[in-house]
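# what follows is a predicted protein model with its sequence.
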There are 2 protein chains.
Amino acid sequence: MSRASERAYNHIRSMILSGELQPGSQIREEALAELCGVSRTPVRDSLRRLEAEMFIRRNDSQRSFVADWSLDDLEDAFQLRAMLESRAAKRAASRITREQLALLRFHNAQLKQAIGLPNPDVPKFLDHNRQFHAIILAAAASERLANMLGQVTEQPVILRTARQYDLENLRRSHSEHDELLIAFDKRDGEWAAAVMTGHIRRAFHAYAEAHSTDTEIRKSSWAA
Amino acid sequence: MSRASERAYNHIRSMILSGELQPGSQIREEALAELCGVSRTPVRDSLRRLEAEMFIRRNDSQRSFVADWSLDDLEDAFQLRAMLESRAAKRAASRITREQLALLRFHNAQLKQAIGLPNPDVPKFLDHNRQFHAIILAAAASERLANMLGQVTEQPVILRTARQYDLENLRRSHSEHDELLIAFDKRDGEWAAAVMTGHIRRAFHAYAEAHSTDTEIRKSSWAA
DNA sequence: CTAATGCTATTTGTATACAATAAGCTGTCA
DNA sequence: TGACAGCTTATTGTATACAAATAGCATTAG
C-alpha cells in the first residue's frame, strides 16, 4: 500500500487497539480522514480492510462501528488461532532450516533476558515473541495460512489490567518455546503442534482472566 | 455493498472463475471499469477484496494479476478448508436445531435426486450441496469461521475436464452427507468432524485428478 | 554489444465534487 | 399520546480530475 493508505490504516488500527476509538462507537469516514490528515479515499480503503479483519463492523445501512468483542468472540478467535498456529508448527517442523532454528533460539534467548528479574521488559518480550512466531509462520511456507493467522492474531481487546503479562505467564511462555525448539530439532511435527496448541490455549486463559477482571472494573466504575 | 461495487465484484470474480481473465495475466483498473460499466472507484474496492481472498495478487509496484494456482496451492487450500469445515461440523453437532436438521435432510434428498440416472443434474447438485454446507456453517455459529471458510471454499481453478463431477464422486458425496446427518442426529461432534474431513479430502483428490489431466491437456496443446 | 540514462506513456493513488441513501426530527392527524 | 409523513441533515457511494509512481523504450556512452 502506498503512503496515505498505509498511514490511514495504521493510524485507525492503532486507535482501535489503544481504545482511543471505543468499542461499539460509530466511526465516520470524514472524521477519520481529518484525524489521519488524508482524504476519504484512503480512509475508505482502510475501513474495508479493517472490516475484513473484523476490527470494524458495518450495520445494514453501511455505517461503520468499532467491533465490540464478547468473551465468547475472544475464545472463538483464540481457538481458531490455536488450530491454525498448530498447523503452522506442524508444517514448520518438516521444513524449518538450520538458520531459522538458530534465529528461533536467538529470539527465545532474548525472551529469557526480557523476563529477567526483578522488572520484566514487557515490550522487549512482546517484540521477540512476535518474531519467534513469525519465523515459524515463515517456515510453514503457506501464504494462505499466514493470511488467516493475521486475522486472528491481534485482538482488538483493550485491557486495563496487565494481568496477562504476569511473571508466571512469561516464564511458562518461554518454557513452551523451549519445548517447541526441541520438537523442531527432532522434526516432530505432531509434538510441535501439540505444544503450540497448549501455548495458545494458555495465552487465551491469561487473556480471559484479565478480560474478566477488566470487565468487572468497567462495570463497577459506573459510579466514578 | 452497494450496487456498483457489488456488480463490479461479482463481475470480476466470475470472470476469474470462468477463466475469462487468464491466470497470471495483468488486469488494469480502467479496463475492468469499462467491462463492468462503472468507474474505477468501485473496481478498486473489488480488487482489494479479491486480493484479500487471494483471487488476485499484486506485485511490488501495485500492479494486479489474476492468481495462478499450482497444485500445491490447491492442496494447501483444501487442507485448510478440511480443517476449518471439520471444526464447523464439530460445533454444529452440538448446536444444530431440529429445523436445520430437517433442512439438511431436504437438501440431501434433492442431492440424491440430482444424481438420478442416467444424466446427473450437476448444477442442481452443486446448488443443494452449497446449501447443505451453508446450513452447517450457520449452525456452527462462528462468524470468524464463516469468514475464513469463505476464503478457501471457492477455488479459482478452471478445469477443462469435468472429471470431478463423475457419478462415483457424486454418489460418495451424497453418502458422506448421509453419514454427517447421522452424526448430527447423535450429536457426535467428533464423528461429524471426522466425516467432514474425509468428505473434503475426497473432494480434493477428485479436483486434483482433474487438475492434473487438465494440465496435461494444456501442455500438450502447445502444438494446437 | 551492453548497460546506463533520460524521456514518454501507462497505471495506480489521492482528493474532491456530486449523487444517492439513510437517519433524525418536526409537525400533524388520529 | 403515538405514530406516521415529509422535510432536513448526516453519511456513504460514485465519478472524475489530477498527482505520483512505474515500466518500457530509445538513445548514447563505454
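Yep, that arrived. From a predicted model like this one, the values you see are computed outputs, not experimental measurements.

# low-confidence ranges, chain A, go.
A:158, A:160-164, A:218-224 (pLDDT under 70).

# how does it look with 80?
Along chain A, segments meeting pLDDT under 80 span A:1-2, A:117-118, A:156-165, A:211-224.

# for it, what spans make up the helices?
Assigned by DSSP state H, chain A shows helices spanning A:3-18, A:29-36, A:40-52, A:71-95, A:98-115, A:122-140, A:143-153, A:167-185, A:189-220.

# can you give me how far stretch A:137-157 is from the chain middle?
9 Å (CA atoms, centre = their mean, to the nearest Å).

# please parse chain A into its domains.
Here the domain parsing of chain A from automatic domain parsing is A:3-66, A:71-223.

# if we can go back for a sec, residue B:146 is nearest to which of the helices of chain A?
helix A:71-95 (10.9 Å; CB to CB). Heads up, the C-betas are built off the backbone N, CA and C, glycines and all.

# burial measure for the closest residue to residue A:120 other than its chain neighbours, as a count.
Excluding the flanking residues, the one nearest residue A:120 by CB to CB, 6 or more residues apart in numbering or on different chains is residue A:170, at 5.7 Å. Residue A:170 has 21 neighbours, counted by other CB atoms under 10 Å in any protein chain shown.

# contacting residues around the most centrally placed residue in chain A?
Nearest residue to the geometric centre of chain A (CA atoms, centre = their mean): residue A:154, 2.6 Å. Applying CB atoms under 8 Å, 6 or more residues apart in numbering or on different chains to residue A:154 gives the contacts residue A:17.

# counting neighbours, what do you get for residue A:112?
Number of residues near residue A:112 (other CB under 10 Å) recorded here: 17.

# and the spatially closest residue to it that is not a sequence neighbour, how far from chain B?
The shortest distance from residue A:112 to any non-neighbouring residue, by CB to CB, 6+ apart, is to residue A:174 (5.6 Å). For residue A:174, the distance to chain B (CB to the nearest CB, to the nearest Å) stands at 28 Å.

# state the distance from residue A:174 to DNA strand C.
Distance from residue A:174 to DNA strand C, counting by CB to the nearest atom of the strand, to the nearest Å: 40 Å.

# next: residue A:99.
30 Å.

# what's the burial count for that residue?
9.

# which bits of chain A sit near chain B?
A:2, A:44-45, A:48-49, A:52, A:54, A:62, A:73, A:76-77, A:80, A:83, A:87, A:142-145, A:147-148, A:151-152 (CB under 8 Å from any CB of the partner chain).

# any of those buried? List them.
Neighbour counting by 16 or more other CB atoms under 10 Å in any protein chain shown classes A:44-45, A:48-49, A:52, A:54, A:73, A:76-77, A:80, A:83, A:87, A:142, A:144-145, A:148, A:151-152 among the residues of chain A next to chain B as buried.

# just give the nearest non-adjacent residue to residue A:50, would you?
residue A:56 (4.5 Å).

# again with residue A:58
That would be residue A:64: by CB to CB, 6+ apart, it lies 5.3 Å from residue A:58.

# OK, contacts around that neighbour?
A:26-29, A:47, A:51, A:56-58 are the contacts of residue A:64 under CB under 8 Å, 6+ apart.

# just send those residues back as a markdown table, with neighbour count too.
Formatted as a markdown table, those follow (neighbours: other CB atoms under 10 Å in any protein chain shown):
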| residue | neighbour count |
| --- | --- |
| A:26 | 12 |
| A:27 | 20 |
| A:28 | 12 |
| A:29 | 15 |
| A:47 | 21 |
| A:51 | 15 |
| A:56 | 22 |
| A:57 | 15 |
| A:58 | 13 |
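
# ok so, going back, ok, the residue nearest to residue A:58 to residue A:12 distance?
10 Å (CB to CB, to the nearest Å).

# so what sits against both of the two?
Here residue A:64 and residue A:12 have residue A:47 as joint contacts, going by CB under 8 Å, 6+ apart.

# before we move on, the earlier item: so the residue nearest to residue A:120 makes contact with residue A:113?
No - the criterion here is CB atoms under 8 Å, and residue A:170 misses it with residue A:113 at 11.5 Å.

# how many other residues sit next to residue A:190?
For residue A:190, the neighbour count with other CB under 10 Å is 12.

# alongside DNA strand C, which residues does chain A contribute?
Chain A comes close to DNA strand C at residues A:1-6, A:38-42, A:45, A:59-63, as judged by CB under 7 Å from any atom of the strand.

# ok, which of those residues also contact DNA strand D?
Near DNA strand D, by the rule CB under 7 Å from any atom of the strand, you find A:2-3, A:40-41, A:62-63 out of these.
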